[in-house]
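Chemist: Build the 3D model from these lines:
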Amino acid sequence: MSSLSILTEKIINFRNERDWKQFHRPKDLALSLVLEAGEVMEHFQWKNEEEIKEYLKTHQEEIGDELADVFNYLLIMAHDFGIDLAAASERKIEKNVKKYPVEKAKGNHTKYDKL
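Modeler: Down below sits the predicted model:
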């Protein structure tokens, strides 16, 4: 069993033990994902690059908790929607390899359709 599968099983068991599946409609999961991503963003709001660098040194656990919340919602959504998240990620990487060939995209932040 992959580590992704083990984590998915843990988060689904956590949810099921609390009878929370009833609240996990696709819309609500998507909203929760965005809300948790917003909590990640709050850590960096109004900070310049130097402040962020210093902040990261002292707030690893808090930021990690927020990233874990985002990750856990992704695992739940992928599970409930029947999506193999690892396979989807592999497919997306391959698509991006084609959209952003190294010879055109290296060191360039331009969107693929403008390269």
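Chemist: Determine the number of other residues adjacent to Tyr55.
Modeler: Residues within reach of Tyr55, counting by other CB atoms under 10 Å, total 15. For glycine as for every other residue, the C-beta is placed from the backbone atoms N, C-alpha and C.
Chemist: ok, and the closest non-adjacent residue to it?
Modeler: Residue nearest to Tyr55 in three dimensions, not counting chain neighbours: Lys47, with 6.1 Å by CB to CB, 6 or more residues apart in numbering.
Chemist: On the three-state scheme, that neighbour is what?
Modeler: Counting by DSSP: H, G, I helix; E, B strand; the rest coil, the backbone at Lys47 sits in coil.
Chemist: Measure how buried it is and give me the count.
Modeler: As a burial measure, Lys47 scores 13 neighbours (other CB under 10 Å).
Chemist: any idea how far it is from Ala37?
Modeler: Look at Lys47 and Ala37: by CB to CB, to the nearest Å, they are 17 Å apart.
Chemist: same deal with Lys99?
Modeler: Lys99 sits 23 Å away from Ala37, going by CB to CB.
Chemist: Show me where this structure dips below the pLDDT cut-off.
Modeler: By pLDDT under 70, the chain contains no weakly predicted segment.
Chemist: Select the longest helix from it.
Modeler: Counting residues, the longest helix found in the chain (DSSP state H) is helix 60-81.
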